[in-house]
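> got a predicted structure here, sequence first:
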Amino acid sequence: MRRSFATKRQVLRRAAAALLLLCGVALAGPAAAADEPIRDPMDLNLEGMRALGAGDLEGAVALYSRGIDHPQASGPILISLLLGRARVRAIQGDLDAALADADRAVAHAGEAASSVARGNVYAVRGLLRAETGRRKEARDDFETAYRLLQAPDPEYADMLSRMEQEVPDQARQLRRQNEALLDSVWERLKELRAETP
């Protein structure tokens, strides 16, 4: 049975979460109004993306951290929050903290329903490991990411199909960015294969 989205806000929230989780896209936009409460980890994730898009790195870390510590944070949204904070910490130059967040995301990767989402988790950790000189481990992560990103994924295809009906521009963007991610992982994997035995 096909599931329809109740409101445009739900569609946009799901699309934004999918974009971050699957492709690492930061959304720029206005922060929530001071009188608008942030109720759940999804809201905190979206606000973290907006803060990052606006260049507010400290605000983004704080929002991602609140989301990670939220009692309802689990599964794909927890993974998305961890990867978001890892990206910000990497931008700030704290690669050890970024890698710790990526390691936690990998530990939860089995909770991500789609192989594309799991592939993204390994790709992010692979990038961080490569940056910290852990080339062999980075290669292993890119091998896993490439295998997962290439795997047939009915859940991802179904999500894209629903998005194409509700938010076609975001669906096309997500498809293009996932293809770019696969190409990027393949290029990094070729480099690491050439460097490491």
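Structure received. Residues are numbered from 1 along each chain as shown.
> alpha carbons only for contacts and neighbour counts from here, please
OK.
> on contacts alone, who are the packing partners of the lengthiest helix in the chain?
Using DSSP state H, we find that the single longest helix of the chain is helix 168-195. Helices and strands touching helix 168-195, as assessed by 3 or more C-alpha pairs under 8 Å, 6 or more residues apart in numbering; DSSP states H and E, comprise helix 8-23, helix 135-150, helix 154-166.
> what residues of the second one count as buried?
Spelled out, that is helix 135-150. Using 16 or more other C-alpha atoms under 10 Å as the burial criterion, the residues of helix 135-150 that qualify are 135-146, 148-149.
> repeat that for the shortest one.
Residues of helix 154-166 classed as buried by neighbour count (16+ other C-alpha under 10 Å): Y156, L160, R162, M163, E166.
> not counting sequence-adjacent ones, nearest residue to the fourth one?
Okay, so that is M163. A171 (5.5 Å; C-alpha to C-alpha, 6 or more residues apart in numbering).
> distance of the one you found relative to V185?
For A171, the distance to V185 (C-alpha to C-alpha, to the nearest Å) stands at 21 Å.
> likewise L57?
According to C-alpha to C-alpha, L57 stands 26 Å off from V185.
> higher neighbour count, these two?
V185 (26 against 20; other C-alpha atoms under 10 Å).
> ok, the more buried one to Q150 distance?
11 Å.
> swap in E187?
14 Å.
> could you do V116 as well?
From V116 to Q150 the distance is 8 Å (C-alpha to C-alpha).
> then D169?
As defined by C-alpha to C-alpha, D169 lies at a distance of 23 Å from Q150.
> just E137 next, same as before
E137 is 20 Å from Q150, by C-alpha to C-alpha.
> next one: A107
Distance of A107 to Q150, given as C-alpha to C-alpha: 21 Å.
> same thing with A130?
A130 is 21 Å from Q150, where distance means C-alpha to C-alpha.
> for N45, same thing?
According to C-alpha to C-alpha, N45 and Q150 sit 27 Å apart.
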